[in-house]
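A.B. asks: Please work out how this folds:
(chains A and B)
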2 protein chains.
Amino acid sequence: MTYTMTNTTIYVCTNCKAAEDTSPERAGLRLMTALESAIAASGADIRLEGVECLSVCKRPCTIAFSAPGKWTYVYGDFTPESAPETILASAALYAATDDGLIAWKQRPDALKKGVIARLPPSVSSPKAPEIAP
Amino acid sequence: MTYTMTNTTIYVCTNCKAAEDTSPERAGLRLMTALESAIAASGADIRLEGVECLSVCKRPCTIAFSAPGKWTYVYGDFTPESAPETILASAALYAATDDGLIAWKQRPDALKKGVIARLPPSVSSPKAPEIAP
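C.D. replies: Sure thing, here's the model as predicted:
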């Protein structure tokens, strides 16, 4: 499936460490890699940005969705193995909204249960500089 | 004390409800009101924005600091009675940074213990439009 998500960014905490994970590579980094592959395979025009730490260390793996002028959402409790498709489909729902608010009935369970925080549109749309005509 | 904090916004969740709080007015709204008074008394040139819900319902009261081009931080566990001065002093530390990162040693305990999440500078500084000279 191809998603159109211009202006939407998925942030992934690459520092997230899963409980009892013995892998030498952190779970967050593995999620990042898996998402890169999923995005490439889907052909989605979405921005993916790895972040050193989203400071949600108790609920790995953590991600966020943001786009200029929309609510920014932070979600946790994802696993690198199962999450990429869910995240990509959720990002498509987010991208399809005007304001970042996905209707409750539409939300995948992972979004309903995994929400960590959200920030209002003014965070991602600071006042544009005034330009003289 | 007067703080100079142009471009910095303090977000306050006005929907936060304190545990066992029987006040008819929600704790978040009382925090908002207390912060308005503290800001007016201090003469700080800071922006205060009430938000219907920051989706951090388990750790009231919740606030956030944001400024264009800086890391955005979400913090919880504040009380309307004791928090305004701490929040205002913390916002001043935040405003004084170039990137939103307050050195660990400088951080008040409330920030060390209360962090909920953070988001990188690209969230609050989408690409500026190019302006021809």
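A.B. asks: Show me which residues of chain A sit near chain B.
C.D. replies: Chain A comes close to chain B at residues A:9, A:11, A:49, A:51, A:53-56, A:62, A:64, A:66, A:68, A:72-74, A:115-120, A:122-126, A:128-129, A:131, as judged by CB under 8 Å from any CB of the partner chain. Where C-beta positions appear, they are placed from N, C-alpha and C, glycine not excepted.
A.B. asks: what does the lengthiest helix in chain A contact?
C.D. replies: Among all segments of chain A classified by DSSP state H, the helix with the greatest residue count is helix A:27-42. Outside of helix A:27-42, the residues that reach it under the criterion CB atoms under 8 Å, 6 or more residues apart in numbering or on different chains are A:1-3, A:10, A:12-18, A:21, A:23, A:46, A:48, A:50, A:60-63, A:78-81, A:83-85, A:87-88.
A.B. asks: so is A:Arg118 in a helix, a strand, or just coil?
C.D. replies: Applying DSSP: H, G, I helix; E, B strand; the rest coil to A:Arg118 yields a three-state assignment of strand.
A.B. asks: So what sits opposite it in the bridge?
C.D. replies: When bridges are assigned using DSSP bridges, the partners listed for A:Arg118 are A:Tyr73.
A.B. asks: Would you enumerate the residues in contact with it?
C.D. replies: By CB under 8 Å, 6+ apart, the contact set of A:Arg118 is A:71-74, B:53-55.
A.B. asks: same thing but 7 Å
C.D. replies: Under the criterion of CB atoms under 7 Å, 6 or more residues apart in numbering or on different chains, the contact partners of A:Arg118 comprise A:71-73, B:54-55.
A.B. asks: Let me know the closest of the residues you listed to A:Asp99.
C.D. replies: Within the contacts of A:Arg118, the smallest distance to A:Asp99 is 6.2 Å, found for A:Trp71 (CB to CB).
A.B. asks: and that closest one, what does it touch?
C.D. replies: Contact criterion CB under 7 Å, 6+ apart gives A:99-101, A:118-121 as the residues in contact with A:Trp71.
A.B. asks: From chain B, how far off is the residue nearest to A:Pro84 when sequence neighbours are not counted?
C.D. replies: Nearest non-adjacent residue to A:Pro84, counting by CB to CB, 6 or more residues apart in numbering or on different chains: A:Ala38, 4.0 Å away. In this structure, A:Ala38 lies at 21 Å from chain B, with CB to the nearest CB, to the nearest Å as the measure.
A.B. asks: Give me the neighbour count for A:Ala38.
C.D. replies: Each residue near A:Ala38 was counted by other CB atoms under 10 Å in any protein chain shown, and the total is 17.
A.B. asks: so where do the helices sit in chain A?
C.D. replies: Assigned helices in chain A, in chain order: A:27-42, A:83-96, A:109-114, A:121-124 (criterion: DSSP H).
A.B. asks: related to what we said a few turns ago, the longest helix of chain A relative to helix A:83-96, how many degrees between them?
C.D. replies: Direction vectors for helix A:27-42 and helix A:83-96, defined by axes from the mean of the first three to the mean of the last three CA atoms, to 10 degrees, enclose an angle of 70 degrees.
A.B. asks: Thanks a lot, catch you later.
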